[in-house]
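[1] What follows is a predicted protein model with its sequence.
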Amino acid sequence: MYIGIKDAKILTSDGFIHGNIGIIDDKIVQVGQKDCEHCLVFPTPVYVLPGFIDEHIHGAMNADSMDNTFEALNVIAKALAKEGTTAFLPTTMTQKKSLLVEVVSTISNYMEQDPQPFAEIIGIHLEGPFINKKSIGAQSEEHVIPPSIEDFKLFESASKNKIKKVTLAPEIRGGNELIKYLTSKKIIASLGHSEANYQEVLDAVACGATSITHCYNAMSPLHHRDIGLVGAALLHDNLYTELIADGVHVSNPAMKLLYKNTKGTKRLTLITDSMRAKGLCDGIYDLGGQPVYVDKKTARLRNGVLAGGVLSMLDAVKHVIQVLGIPLEEAVKLASEHPARKLGIYDRKGSIEVGKDADLVILDENLELQMTICRGKIAYDKSQEL
């Protein structure tokens with residue numbers, strides 16, 4: 001099936017160009033040509049951007065990755081298309097091993113069936129259970145276990161090798177051994193929920209760690225005598241670093257500091273870390289069996305600890321444009337190109353090029369979402385909303 005988009009500002013790897021896009025089935029087949037038959041025409045000027053990729057998301061619209069059902073994954077995938085996200089990693093919580101085995105198996109089976117034309121699941125993010133109880137955040141302390149290759153193999157087998165990223169604390173005994181194993185399997189070892197000192201971070205990086213999970217949150221802070229995990233994120237350009245750009249998890253000056261330290265042009269990636277309350281009204285929700293109180297776009301446990309959030313990826317892009325003072329094309333890289341490169345899928349996602357997956361976000365000049373195309377199919381169309 002052919003889909004075309006006519007007369008748009010298209011963000012390519014070389015910047016914006018004015019022209020048309022052609023799609024056949026799930027691939028981009030032409031970019032920029034002036035001829036375009038049977039194309040979509042929008043009533044006002046539009047930007048066409050590469051689809052956003054959320055590598056750290058728990059849920060949306062009262063569904064969670066830990067619900068362990070195809071229905072929940074469908075709900076999340078459909079909801080993400082409504083914010084311009086075309087691919088994602090369902091993210092687990094620290095829970096008992098038997099449940100995690102079931103959850104990663106369900107996600108794997110869903111990926112093989114992939115029944116809906118919405119945002120694509122491109123792998124699994126295992127956040128915990130190999131974390132530090134002292135940096136527990138909103139995870140379940142009861143089910144934290146030491147890093148273990150043997151335990152990880154249970155999850156790996158159940159997922160049919162679809163785990164793409166693991167968040168762990170390297171300072172806990174067994175952490176570096178697990179990092180070496182993950183690296184040998186081309187799985188991203190991401191440091192988070194950790195009290196690692198700077199030397200322990202260096203040791204983890206030497207073992208193959210390449211990523212830092214939701215920078216500044218649930219980790220050893222910057223101190224002038226030991227810069228910890230936050231300091232390592234600021235200092236080392238070779239580490240990919242996640243950022244929750246909602247103005248709640250990270251202050252605007254802290255965002256500027258992280259961006260200024262070269263992450264913005266190289267390895268900074270936007271994430272939402274959103275939970276099931278995303279897209280819903282304020283109220284009381286659930287995260288890993290714990291009540292979460294959502295008020296004015298902030299989600300917290302009863303004790304005040306932040307518990308994910310309700311951020312959309314499009315809002316994250318808008319926020320960094322405003323706070324960092326960067327142009328749209330630079331902000332979009334943080335949500336598309338950078339995560340695609342990090343996850344090893346830039347050959348098919350993360351930019352608009354002939355031969356790549358037709359994952360596209362269409363915004364008007366006010367940066368309001370008009371349409372999302374996932375693998376060549378219209379997954380969201382604002383004009384069809386009642």
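    Thanks, I have the structure now. Numbers count the residues shown, from 1 in each chain.
[2] And for M371, the neighbour number?
    22 (other CB atoms under 10 Å). Using the backbone N, CA and C atoms, a C-beta is placed for each residue, glycine as well.
[3] so it is in which element?
    Assigned by DSSP states H and E, M371 belongs to strand 369-374.
[4] On the C-terminal side of that strand, identify the next helix or strand.
    Past strand 369-374, the next helix or strand by DSSP H and E is strand 377-381.
[5] Show me the strands paired with that following strand, marking each as parallel or antiparallel.
    strand 369-374 (antiparallel) (DSSP bridges).
[6] if we look at the strand it pairs with, which residues are touching it?
    If you take CB atoms under 8 Å, 6 or more residues apart in numbering as the criterion, strand 369-374 is touched by 3, 23, 40, 42, 46, 51, 81-86, 117-120, 314, 358-364, 378-383.
[7] among those, which are in helices?
    Within the contacts of strand 369-374, residues falling in helices by DSSP state H are 81, 314.
[8] Strands - which of the contacts of strand 369-374 land there?
    3, 23, 40, 46, 85-86, 120, 360-364, 378-381 (DSSP state E).
[9] of those, the lowest pLDDT goes to which?
    Within the ones in strands among the contacts of strand 369-374, I3 has the lowest pLDDT, namely 83.
[10] how many neighbours does that residue have?
    19.
[11] residue contacts, the residue nearest to it when sequence neighbours are not counted?
    Spatial nearest neighbour of I3, chain neighbours left out: I23 (4.4 Å); criterion: CB to CB, 6 or more residues apart in numbering. Contact analysis of I23 by CB under 8 Å, 6+ apart lists 2-4, 29, 358, 373, 376.
[12] at 6 Å instead, please
    3, 358, 376 (CB atoms under 6 Å, 6 or more residues apart in numbering).
[13] so what's it bridging to?
    Those that pair with I23 in a beta bridge, by DSSP bridges, are I3, I28.
[14] separation between it and G192?
    37 Å (CB to CB, to the nearest Å).
[15] picking that back up, and the strand holding M371, how far out from the chain middle?
    18 Å (CA atoms, centre = their mean, to the nearest Å).
[16] can you dump the C-alpha coordinates of that strand into PDB?
    Taking Å, rounded to 0.1, in the frame of the first residue of the first chain, the C-alpha atoms of strand 369-374 are listed here in PDB:
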ATOM      1  CA  LEU A 369       0.600  16.600  16.900                       C
ATOM      2  CA  GLN A 370      -1.500  16.000  13.700                       C
ATOM      3  CA  MET A 371      -0.600  12.500  12.800                       C
ATOM      4  CA  THR A 372       1.600   9.500  13.800                       C
ATOM      5  CA  ILE A 373       2.600   6.900  11.300                       C
ATOM      6  CA  CYS A 374       3.900   3.600  12.600                       C
END
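[17] Can you check what angle separates it from strand 360-364?
    170 degrees (axes from the mean of the first three to the mean of the last three CA atoms, to 10 degrees).
[18] Now do the helix or strand of the chain with the lowest mean pLDDT: everything it contacts.
    When each helix and strand of the chain is scored by mean pLDDT, DSSP states H and E, strand 39-40 comes last, with a mean of 86. Strand 39-40 is contacted from outside by 4-6, using CB under 6 Å, 6+ apart.
[19] got the contact list for P170?
    176, 191, 196, 200, 204.
[20] which stretch of helix or strand covers the closest residue to it other than its chain neighbours?
    Once flanking residues are discounted, P170 sits nearest to A204: 3.6 Å by CB to CB, 6+ apart. A204 belongs to helix 198-207 when assigned by DSSP H and E.
[21] could you check the distance from D14 over to I352?
    From D14 to I352 the distance is 10 Å (CB to CB).
[22] Could you tell me how many residues sit around I284?
    Each residue near I284 was counted by other CB under 10 Å, and the total is 11.
[23] Quickly note the distance from it to L306.
    Distance from I284 to L306, by CB to CB: 16 Å.
[24] for S140, same thing?
    15 Å.
[25] Have a look at these two and say which one is more surrounded.
    The neighbour count for S140 versus L306, taken as other CB under 10 Å, is higher for L306 (20 against 17).
[26] Give the rounded mean pLDDT of the helix or strand containing A232.
    Per DSSP H and E: A232 is located in helix 228-235. For helix 228-235, mean pLDDT is 96.
[27] tell me the angle it makes with helix 198-207.
    Using the same axes, to 10 degrees: helix 228-235 against helix 198-207 is 60 degrees.
[28] Show me what helix 228-235 is packed against.
    On a contact count with 3 or more CB pairs under 6 Å, 6 or more residues apart in numbering; DSSP states H and E, helix 228-235 meets no helix or strand.
[29] Go through that helix and flag the buried ones.
    228-234 (16 or more other CB atoms under 10 Å).
[30] One more: stretch 281-290?
    285-288, 290.
[31] quick one: which two of those are the most distant?
    Y285 and G288 (11.1 Å; CB to CB).
[32] Now do the helices in this structure.
    Using DSSP H, helices in the chain cover 70-81, 97-113, 149-158, 175-184, 198-207, 228-235, 252-260, 313-324, 328-335, 337-342.
[33] how about those helices in JSON lines, adding distance to A245?
    Compiled in JSON lines, the helices of the chain are given as follows (distance: least, CB to CB, whole Å):
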{"stretch": "helix 70-81", "distance to A245": "17"}
{"stretch": "helix 97-113", "distance to A245": "26"}
{"stretch": "helix 149-158", "distance to A245": "29"}
{"stretch": "helix 175-184", "distance to A245": "27"}
{"stretch": "helix 198-207", "distance to A245": "23"}
{"stretch": "helix 228-235", "distance to A245": "15"}
{"stretch": "helix 252-260", "distance to A245": "6"}
{"stretch": "helix 313-324", "distance to A245": "4"}
{"stretch": "helix 328-335", "distance to A245": "8"}
{"stretch": "helix 337-342", "distance to A245": "13"}
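[34] I57: which of the ones you listed is closest?
    Closest among those, once you apply CB to CB, is helix 70-81, at 7.4 Å.
[35] So which elements touch the closest one?
    Going by 3+ CB pairs under 6 Å, 6+ apart, helix 70-81 lies up against strand 59-60, strand 63-64.
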